[in-house]
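S.K.: this one's structure only:
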């Protein structure tokens, strides 16, 4: 279906039409200095196409969150873990809901990691959910820089890889990139080169004007025209816009950004005692607490999941369909439900080979399905409880002083190793047979016996355990701080869990 949206007025007074279906296949690059009208252009494009195509906006400054009031976009706060953002992005594709990922309040490296996790989550969605999505990235030079800056190399590679996937490989997955940048020279060339449609606004630097002229197929002597463009005026070229360079003026928008250009205001008349007013402190100043601005708290993940489950904006739902308020639960009842959901997940035989972030996303979904109120536990707390549960400790052992020492020692290892450490500690506290390599590997979420032996070597290097063998060659793991050790065990024995699974 061919859909043309009105972007404004072209030269000669004709309407400037953009073919959305063609744009989905050919992508768009917008370039212009600060104040040239890029954000206004993107807002016009989003408003005009909102009824035709799903939209996802990567918004570094939080300017596009106002789209939610009129067009029903879900606002996703970027101050979340990478696993949470990837899970939300996957469900965004599943439910075909337009959203704004706002990164306001994060530093540049956090913004790059959050945007990369979200874009990768959309890119990795299952094939059955490859519906067309217009992915708008404002200030794209931040997420796909041409050279390294003050951020870590790991964050730069992660963000650049996600942007490259969006522009180079996203078309077959239904992702159509629309990227806007202040300077072409700061944008990675392999990202910019994948766009076939261009809207070039006002720019002043020679290198940017030359690149803009090259992309539009214009003579470099004509590049000076980009200095003379007025705010909101762009030169368009591409199969979705025009086959020849076409000057256009962007039309009006229905919504407005939270921030706007500064306006001049007349100064007030200065009073006669102005110096006294400025230099005389107010007595209350010395008693007034210092207030430090903090970014707004992110919305609970359960609220966003509930919004995503709806096919229409919240504002459009009739009052009669409003969900009845859930009864309040006591702390004990809520803890029972959390524990029951956790046990359901861990009782699955395949859960041992699934990563904690994947299990965490399933945990959040099951909480929503069972209408468990209140904010969910954080990912670090979830990992901690999974590690304790997988250790197999019973209530009697959990109340001993030796187990309390084991829990204290486990905080000295990384989150992904706590499950293995506590499993070994439980075997030592209870005097059980030393787990085999296969059992240790399963606790770590792998099938590699070599990796299991490396884990034991790592614990020994940290000074938390001592590994030795008895006269028959069976392995023993001792914990000096707990004054206990495991019974001798065969390191090469098969994992009992795998044997039971095979028998079944």
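M.R.: Here it is on my side, so go on. This one's a predicted model, so the numbers in the text were calculated from it and none came from an experiment.

S.K.: residues in contact with the closest residue to residue 468 other than its chain neighbours?
M.R.: Nearest non-adjacent residue to residue 468, counting by C-beta to C-beta, 6 or more residues apart in numbering: residue 476, 5.6 Å away. Heads up, the C-betas are built off the backbone N, CA and C, glycines and all. By C-beta atoms under 8 Å, 6 or more residues apart in numbering, the residues touching residue 476 are 434, 467-470, 485-489.

S.K.: drop anything exposed from these.
M.R.: 434, 467, 485-486, 488-489 (16 or more other C-beta atoms under 10 Å).

S.K.: narrow the residues you listed to those in strands?
M.R.: Among the buried ones among the contacts of residue 476, the residues falling in strands (DSSP state E) are 467, 485.

S.K.: show me which of the contacts of residue 476 is closest to residue 38.
M.R.: Among those, residue 467 lies closest to residue 38 (C-beta to C-beta), at 60.8 Å.

S.K.: surely the closest one touches residue 455?
M.R.: No: taking contacts as C-beta atoms under 8 Å, residue 467 lies outside contact range of residue 455: 10.7 Å.

S.K.: elements contacting the strand or helix carrying residue 190?
M.R.: For residue 190, the host element (DSSP states H and E) is helix 189-192. Under the contact criterion of 3 or more C-beta pairs under 8 Å, 6 or more residues apart in numbering; DSSP states H and E, helix 189-192 touches helix 153-164, strand 175-181.

S.K.: make TSV out of the contacts of residue 476 and add pLDDT and distance to residue 409.
M.R.: Listed next are these as TSV, based on pLDDT from 0 to 100; distance: C-beta to C-beta, whole Å:
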residue	pLDDT	distance to residue 409
434	92	18
467	91	16
468	90	19
469	89	23
470	87	24
485	91	14
486	92	15
487	93	20
488	92	22
489	91	21
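
S.K.: just flag the most distant two among those.
M.R.: Taking C-beta to C-beta as the measure, the contacts of residue 476 span a maximum distance of 14.0 Å, between 467 and 487.

S.K.: for my notes, confirm the residue nearest to residue 468 occurs in a helix.
M.R.: No: the assignment for residue 476, made by DSSP: H, G, I helix; E, B strand; the rest coil, is strand rather than a helix.

S.K.: give the buried residues for the lengthiest strand in the chain.
M.R.: Ordering each strand of the chain by length in residues (DSSP E) puts strand 242-250 first. Across strand 242-250, burial judged by 16+ other C-beta under 10 Å covers 242, 245-250.

S.K.: can I see the domain layout of the protein?
M.R.: 4-250, 330-390, 404-503 (automatic domain parsing).

S.K.: now the shortest one, how far from the centre of its chain.
M.R.: It stands for domain 330-390. Remark: domain 330-390 is offset 21 Å from the chain centroid, using C-alpha atoms, centre = their mean, to the nearest Å.

S.K.: please work out the average pLDDT along that domain.
M.R.: Averaged over domain 330-390, pLDDT sits at 75.

S.K.: next up, the contacts around residue 437.
M.R.: By C-beta under 8 Å, 6+ apart, the neighbours of residue 437 are 449, 452-453, 491-492.

S.K.: out of those, flag the one nearest to residue 333.
M.R.: The closest of the contacts of residue 437, once distances to residue 333 are taken by C-beta to C-beta, is residue 452, at 39.4 Å.

S.K.: quick one, what contacts that closest one?
M.R.: Contacts of residue 452 by C-beta under 8 Å, 6+ apart are 437-438, 440-441, 444, 446.

S.K.: please, which helix or strand holds it?
M.R.: helix 449-461.

S.K.: got the buried residues for that helix?
M.R.: By neighbour count on 16+ other C-beta under 10 Å, the buried set for helix 449-461 is 449, 452-453, 455-456, 459.

S.K.: next one: stretch 26-42
M.R.: Quick answer for stretch 26-42 (16+ other C-beta under 10 Å): 26-33, 36-42.

S.K.: tell me the mean pLDDT for that stretch?
M.R.: Rounded mean pLDDT across stretch 26-42 is 88.

S.K.: ok, the residue nearest to residue 96 when sequence neighbours are not counted - how many residues close by?
M.R.: Distances taken as C-beta to C-beta, 6+ apart place residue 54 nearest to residue 96, at 5.1 Å, with adjacent residues excluded. Residue 54 has 19 neighbouring residues, counting by other C-beta atoms under 10 Å.

S.K.: and the spatially most central residue of the chain, what does it touch?
M.R.: Residue closest to the average C-alpha location in the chain (C-alpha atoms, centre = their mean): residue 85, at 3.3 Å. Each residue near residue 85 by C-beta under 8 Å, 6+ apart is listed here: 76, 78, 101, 114, 117-118, 121.

S.K.: residue 121 now?
M.R.: Contacts of residue 121 (C-beta under 8 Å, 6+ apart): 85-90.

S.K.: which of these lies closest to residue 226?
M.R.: The closest of these, once distances to residue 226 are taken by C-beta to C-beta, is residue 89, at 35.5 Å.

S.K.: how much space separates the closest residue to residue 256 other than its chain neighbours from residue 253?
M.R.: Counting by C-beta to C-beta, 6+ apart, residue 256 lies nearest to residue 66, which is 6.4 Å off, once chain neighbours are set aside. As judged by C-beta to C-beta, to the nearest Å, residue 66 and residue 253 stand 10 Å apart.

S.K.: any idea how far apart the tips of stretch 470-482 sit?
M.R.: 20 Å (C-alpha to C-alpha, to the nearest Å).

S.K.: list the buried ones in that stretch?
M.R.: 474-477, 479, 482.

S.K.: cool, and stretch 51-63?
M.R.: Neighbour-count burial for stretch 51-63 flags 53-60, 62-63 (criterion: 16+ other C-beta under 10 Å).

S.K.: from the residues you listed, which land in helices?
M.R.: Among the buried residues of stretch 51-63, no member falls in helices (DSSP state H).

S.K.: take the contacts of residue 476 and write them to a markdown table, including distance to residue 400.
M.R.: Below are these laid out as a markdown table (distance: C-beta to C-beta, whole Å):
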| residue | distance to residue 400 |
| --- | --- |
| 434 | 20 |
| 467 | 23 |
| 468 | 24 |
| 469 | 27 |
| 470 | 25 |
| 485 | 15 |
| 486 | 16 |
| 487 | 18 |
| 488 | 22 |
| 489 | 22 |
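
S.K.: surely residue 346 is in contact with residue 389?
M.R.: Yes: counting by C-beta under 8 Å, residue 346 touches residue 389, with 5.6 Å between them.

S.K.: going by distance to residue 235, which of the contacts of residue 85 wins?
M.R.: residue 101 (29.4 Å).
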